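J.: After the sequence you'll find the predicted model.
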Amino acid sequence: MSKQRHGSAVLSMSFLSLGLSFSVVAEQSVVEVCADCHGQDGQARENTIPNLWGLSESYLTSQVKAFREQKRTSTFMQPIVHDLTDEQIKQAVAHYVAQPDAKTFTIKWRGETWPGDISLGEQIAYSGKWQDNVPACVSCHGPSGVGVDPSFPRLAGQNADYLKKQLMAWKQDKRPPGVLGSMVSISKALSDEEIAAVSDYFANLGEQ
Ligand code: HEC
Ligand code: HEC
């Protein structure tokens, strides 16, 4: 028992001295660092972490730079990206852009149960909420929310908890407005219940 304790003390001391002389990111390939949370193939380890497959080069780059410049904040991303060079960002983004899509989607411009007994999430996705100036999500994010390069990210097959958190962040002015700035007014016009429903709807699309 005491031997083990001694062993781990030595181990953590050597980590400490490593930490003092090298930056963590410089020591490893930048992708290995990202992969701890986002997976090598862009499939995230947890529901609150976004999948990075199937997103455009310019969208990924703009978001990583927004985190680096602290315009977009995350306690997870901040320590990782604050001192990344443009070259390292380019390397990481190129890796994720090259990953195959983890899911395939049936392209739809309207809900499957349209116009009958349509669920709340599906209704918002395909018809928006016109009384509050919310256009259909698919009018920008593409049929079935598969994304439209370069500026409209894929929502289909993205993690539900992550999607909800983004809409709540815009609702509370915690994420920068982004391209067009439309997500701020859209998120503010949706109730928390509607945010949960539309996030679950998009997250559950797609076949593995
Ligand atoms: C410790 C875990 C962790 C590590 C390591 C990490 N990320 Fe993240 N990343 C997150 C989390 C959590 C979020 C969501 C933050 C939020 O809720 O806004 C995120 C968000 C992102 C986004 C935004 C995606 C979108 O759809 O808008 C991109 C792009 C991204 N990370 C790229 C990277 C890259 C590139 C690396 C490596 C240099 C990296 N991340 C390392 C946890 C991590
Ligand atoms: C007028 C066009 C437009 C419409 C309509 C629209 N979006 Fe967006 N959305 C965008 C743009 C542009 C971005 C990227 C913002 C950025 O650059 O940060 C985005 C980003 C998002 C994100 C963040 C994705 C990520 O990976 O971080 C979510 C979630 C989202 N939209 C959900 C929705 C939902 C739900 C609806 C329907 C209620 C909707 N959007 C309707 C333009 C639109």
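T.: Cool, got the structure. Numbers count the residues shown, from 1 in each chain. Ligands and ions are numbered 1, 2, ... in the order given.

J.: Look at the most centrally placed residue in the chain and tell me its secondary structure.
T.: Centroid-nearest residue in the chain: Pro50, 3.3 Å away (criterion: CA atoms, centre = their mean). The assignment at Pro50 comes out as coil when based on DSSP: H, G, I helix; E, B strand; the rest coil.

J.: Look at the residue nearest to it when sequence neighbours are not counted and give its secondary structure.
T.: Nearest residue to Pro50, sequence neighbours excluded (CB to CB, 6 or more residues apart in numbering): Tyr162, at 4.8 Å. All C-beta spots, glycine's among them, are computed from the backbone N, C-alpha and C. Following three-state DSSP, the label given to Tyr162 is helix.

J.: For Val138, give me its contacts.
T.: Under the criterion of CB atoms under 8 Å, 6 or more residues apart in numbering, the contact partners of Val138 comprise Trp109, Ala125, Tyr126, Ser144, Gly145.

J.: which one of those residues sits closest to Arg154?
T.: Nearest to Arg154, judged by CB to CB, of the contacts of Val138 is Gly145 at 6.7 Å.

J.: Ramachandran coordinates for the nearest residue in space to the closest one that is not next to it in sequence?
T.: Spatial nearest neighbour of Gly145, excluding adjacent residues (CB to CB, 6+ apart): Leu155 at 3.8 Å. Summarising the backbone geometry of Leu155 under the convention degrees, to the nearest 10, its torsions are phi -110, psi -30.
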